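Q: compute the structure for the input listed below.
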Amino acid sequence: MICRRTASLLTMLYLLTAATAYAECAWVLWGEDKDMLSSVWNVRSARRTRQECEADRVATYRSLNVSAPGAGLDVKQDARSMPVFLRFECLPDTVDPREPKGK
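A: Okay, here's the model as predicted:
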């Protein structure tokens with residue numbers, strides 16, 4: 001009887017530990033294209049850790065020839081000759097900036 005209790009307790013502990021290990025959060029690098037009329041968010045990449053995502057974020061800004069990430073970058077002009085601002089954010093995979101805020 002005690003062996004069954006011990007075995008079931010150990011099994012429960014194992015399952016809890018395994019479930020926690022698989023519940024790691026992934027990080028998503030989102031890019032926002034924003035002009036005076038609209039804003040569009042797109043997934044740029046996904047990484048296992050926040051540090052990897054932040055490294056991707058910095059590399060993305062550098063690929064645009066910007067030495068330091070800023071709040072917004074006037075990097076191109078659209079067909080209407082309006083400036084387009086780009087912004088990149090690392091967010092947990094459970095957060096989607098396209099979803100409406102609030103209730």
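Q: hey, where'd the helices end up in the chain?
A: For the chain, the helices defined by DSSP state H cover 2-22, 50-63.
Q: mind listing what's buried in stretch 37-44?
A: 41, 44 (16 or more other Cβ atoms under 10 Å). Yep, even glycine has a C-beta here, placed from its N, CA and C like the rest.
Q: model confidence over it, on average?
A: What stretch 37-44 shows for mean pLDDT is 89.
Q: low-confidence ranges in this protein?
A: Counting by pLDDT under 70, the chain has low-confidence residues at 1-24, 66-84, 101-103.
Q: please repeat the previous calculation with a cut-off of 50.
A: Within the chain, the stretches with pLDDT under 50 are 7, 9-11, 13-23, 71.
Q: how much space is there between the nearest residue to C25 once chain neighbours are set aside and S63?
A: Nearest non-adjacent residue to C25, counting by Cβ to Cβ, 6 or more residues apart in numbering: P92, 5.1 Å away. Distance of P92 to S63, given as Cβ to Cβ, to the nearest Å: 24 Å.
Q: neighbour count winner among these two?
A: When P92 and S63 are compared on other Cβ atoms under 10 Å, the one with more neighbours turns out to be P92, at 12 against 8.
Q: residues in contact with C53?
A: Residues near C53 by Cβ atoms under 8 Å, 6 or more residues apart in numbering: 27-29, 45-47, 90.
Q: typo on my end, it should be W27
A: Contacts of W27 by Cβ under 8 Å, 6+ apart are 46-50, 52-53, 90-93.
Q: closest to V40 out of the residues you listed?
A: Set against V40, the nearest of the contacts of W27 by Cβ to Cβ is L91 (15.7 Å).
Q: is it true that the closest one touches P97?
A: Yes: counting by Cβ atoms under 8 Å, L91 does reach P97; the two are 6.7 Å apart.
Q: quick check: neighbours shared by those two?
A: The contact lists of L91 and P97 share W30, where a contact means Cβ under 8 Å, 6+ apart.
Q: I'd like to know which of the contacts of C53 are part of strands.
A: Those of those mapping onto strands are 27-29, 45-47, 90, per DSSP state E.
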